[in-house]
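Trainee: Structure, please.
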Amino acid sequence: MSGSVCGFFMDAERHIMPNIHSVSRGAFAGASALLILLASFLILSGGVGLVAAFVASLSEGREEILQAISYVVISIAVFDVAKYFIEEEVLRPKGKQSIAEARVSLTKFMTTVIIAVFIEGLVGVFERSGKAPGDILYPAALLVVATGMVVALGIYQKLSIGAEREKKEKDMIG
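Mentor: A predicted model of the protein is given here:
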């Protein structure tokens, strides 16, 4: 009886898992397409706002430039998230990923996010320093968080490279 139960689960896994992977890939592809569309709208919105502000007055245009920069930076980060999903979840064959491949992939993704957070913090500092210096805490906190993210990424890099070395040594021995 236990053999037939195991056989049932093995058959179920063999037939169901490919379907689950297909559904998962489809969901990631759809989510990525939506993210790309939304990021495009955000860039378009920033451009329209910029033109409208310059038509109204030059002083409003200066502030809208910073807002447009924020929109573009956020859009680039969103595009990169969509690209990451497409590369890692849609196009990559489902197999074992090496530690080095995982490290490189995650590093590229996190680097984009870190850059976006740094730029958003810098834009916030520039926006608030001229108008309300007391409101500078939030953008300054973003810069501190981005710095913490860089430190955390460095720690991750060091630990994962160590794990790669250990795995290579273990594979050479055994």
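Trainee: From now on I want contacts and neighbour counts done on CA atoms only, so please keep to that.
Mentor: Will do.
Trainee: most centrally placed residue in the protein?
Mentor: Centroid-nearest residue in the chain, with CA atoms, centre = their mean: Val81, separated by 3.9 Å.
Trainee: Leaving out the residues flanking it, which one is nearest to that one?
Mentor: In space, Val81 comes closest to Phe109 once its chain neighbours are excluded; the distance is 7.1 Å by CA to CA, 6 or more residues apart in numbering.
Trainee: tell me the mean pLDDT over the helix or strand hosting Thr147?
Mentor: Using DSSP states H and E, the element containing Thr147 is helix 137-173. Averaging pLDDT along helix 137-173 gives 89.
Trainee: Which strands or helices does it pack on?
Mentor: helix 99-131 (3 or more CA pairs under 8 Å, 6 or more residues apart in numbering; DSSP states H and E).
Trainee: Would you agree Leu35 is in contact with Asp80?
Mentor: No. Judged on CA atoms under 8 Å, Leu35 makes no contact with Asp80 at a distance of 9.6 Å.
Trainee: Which neighbours do these two have in common?
Mentor: Residues touching both Leu35 and Asp80 (CA atoms under 8 Å, 6 or more residues apart in numbering): none.
Trainee: quick check, distance from the helix holding Thr147 to the centre of its chain.
Mentor: Its chain's C-alpha centre and that of helix 137-173 lie 16 Å apart, by CA atoms, centre = their mean, to the nearest Å.
Trainee: Can you report how many residues neighbour Arg25?
Mentor: Arg25 has 19 neighbours, counted by other CA atoms under 10 Å.
Trainee: cool, Ala82 as well?
Mentor: Ala82 is flanked by 22 other residues according to other CA under 10 Å.
Trainee: For stretch 44-54, which outside residues touch it?
Mentor: Here stretch 44-54 makes contact (CA under 8 Å, 6+ apart) with 60-61, 64-65, 67-69, 71-72.
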